[in-house]
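1. quick one: sequence and predicted model below, then my questions.
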Amino acid sequence: RNCRFLQGDRSETAAVQGLVDSLRTGQPTQVELTNYKQDGTLFRNLVSLQPVHDSNGVYRYCIGILADAEELSDSMRAEIGVMWRLMPTRFDVRQQPIKAPHRGGAQPHLPANMALQFSRLALLQDLRGSTTLIVEDSAAAEGLTQHLTTSPEGTEQLDLYMRIKKFLTLPQNAQRERVFKEFAELDLSGGGSRKGAAMAKEAIAEVMQLGEQALQSISVHVPSFICSQLVDEAMVKRLLSDDGSVSAGGDIRAQKLLWEGFTVPPDAAGWLYALVKCVDDNSVSFTISDLRAAGNPLIYANKAFFTGVGYNRAEVLGRNCRFLQG
């Protein structure tokens, strides 16, 4: 467990923050704070922290010396100070080498199945836009038609939208001439005996509105289609623009959204950058924390989180989310 279980309501915030900063930055410190024993009894804890780095300069461990401050004489405090300063600060990395996260030396790539899932997530960020992309792509539109075989209403709306889409590519004079005949079943305004130019223009506007409504109806079925087996990696790549790509390289934009004090592990770069790009504009709050770092700091939060809590990036990233507590 993290040693914060010794803390309680009367633990001094400044002292706790001093410990967190020491653990996070790998710098030695000594603080005195109020802690709690298992039976709830308070005691003054003199805590001395000594970080330990390997010969490559990697922060590996932290040694803590704890003592009941109220029982310490001046000479005992001096002894603890000497002991603290004599604690080892470095060791030869060959004694305990860090296992390489992956072999081969090449930049790791996002696993294919995970890449496809993140790409699908990117498409789900803007349903209307993705629906438009799907109906514009012949293979995707064919797949959507197949997906809608169990939904007569969805099939009808897709057919209507495709008819309207094709109709709107005609020259304006041809649209005015054919609008009432082409969409006779829709009972358009002005479709009676007097079908003048003004009536035709009004009918075309109505057809365009019906097209928007059809697109909205189709979009209801798009999430299940995107997550279905009908949508493969090749189709997703065609639908996503370069800006929306979630490929696993060192994405500069995603990297800038992370806490600057966080070093991205090579074996996590692919999925981490992909996830950040997918959720940054989402209306739901997302955060990512690093469980391996002291204090479990937040290394990322999306725009919705900052808007929701009223804090900015500098006030959030690098801190444990307990700052929201009261």
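-> Right, received. Where do you want to start? Residues are numbered from 1 along each chain as shown.

2. Glu12 versus the closest residue to Leu324 other than its chain neighbours, what's the distance?
-> For Leu324, ignoring the flanking residues on the chain, the nearest one in space by C-beta to C-beta, 6 or more residues apart in numbering is Val309 at 6.5 Å. The C-beta positions use only the backbone N, C-alpha and C, and glycine is treated the same way. Distance of Val309 to Glu12, computed by C-beta to C-beta, to the nearest Å: 24 Å.

3. Ala294 now?
-> 18 Å.

4. ok, the two, which is more surrounded?
-> Neighbour comparison, Ala294 and Glu12: the larger count goes to Ala294, with 20 against 13 (by other C-beta atoms under 10 Å).

5. residues contacting that one?
-> Val20, Leu23, Arg24, Cys62 (C-beta atoms under 8 Å, 6 or more residues apart in numbering).

6. how about the residue nearest to the third one when sequence neighbours are not counted, phi and psi?
-> Read that as Arg24. Nearest residue to Arg24, sequence neighbours excluded (C-beta to C-beta, 6+ apart): Ala294, at 5.2 Å. The phi/psi pair for Ala294 (degrees, to the nearest 10) reads phi -60, psi 130.

7. so, low pLDDT: which residues of the stretch 1-150 of the chain?
-> Across the stretch 1-150 of the chain, the ranges flagged by pLDDT under 70 are 99-115.

8. and the helices in it?
-> Along the stretch 1-150 of the chain, the segments classed as helices by DSSP state H, counting those that start in this stretch run 13-25, 74-86, 112-124, 127-136, 138-147.

9. to Glu315, which of these lies closest?
-> helix 13-25 (13.8 Å; C-beta to C-beta).

10. packing partners for the closest one?
-> Helices and strands touching helix 13-25, by 3 or more C-beta pairs under 8 Å, 6 or more residues apart in numbering; DSSP states H and E, are strand 29-36, strand 42-54.

11. list the buried residues in that helix.
-> Within helix 13-25, the residues that qualify as buried are Ala15, Val16, Gly18, Leu19, Val20, Ser22, Leu23, Arg24, counting by 16 or more other C-beta atoms under 10 Å.

12. ok, residues contacting it?
-> 4, 7, 27-29, 31-33, 47, 49, 51, 62, 261, 293-295, 297, 318, 320.

13. list the contacts of Leu160.
-> Leu160 neighbours (C-beta under 8 Å, 6+ apart): Leu210, Gly211, Ala214.

14. ok, of those, which one's closest to Leu168?
-> Gly211 (7.5 Å).

15. quickly note the distance from that closest one to Leu170.
-> Distance from Gly211 to Leu170, by C-beta to C-beta: 14 Å.

16. the two: who's more crowded?
-> The neighbour comparison of Gly211 against Leu170 (other C-beta under 10 Å) goes to Gly211, with 19 against 14.

17. okay, and the more buried one sits in which element?
-> helix 197-219 (DSSP states H and E).

18. for that helix, packing partners?
-> helix 127-136, helix 152-167, helix 172-182.
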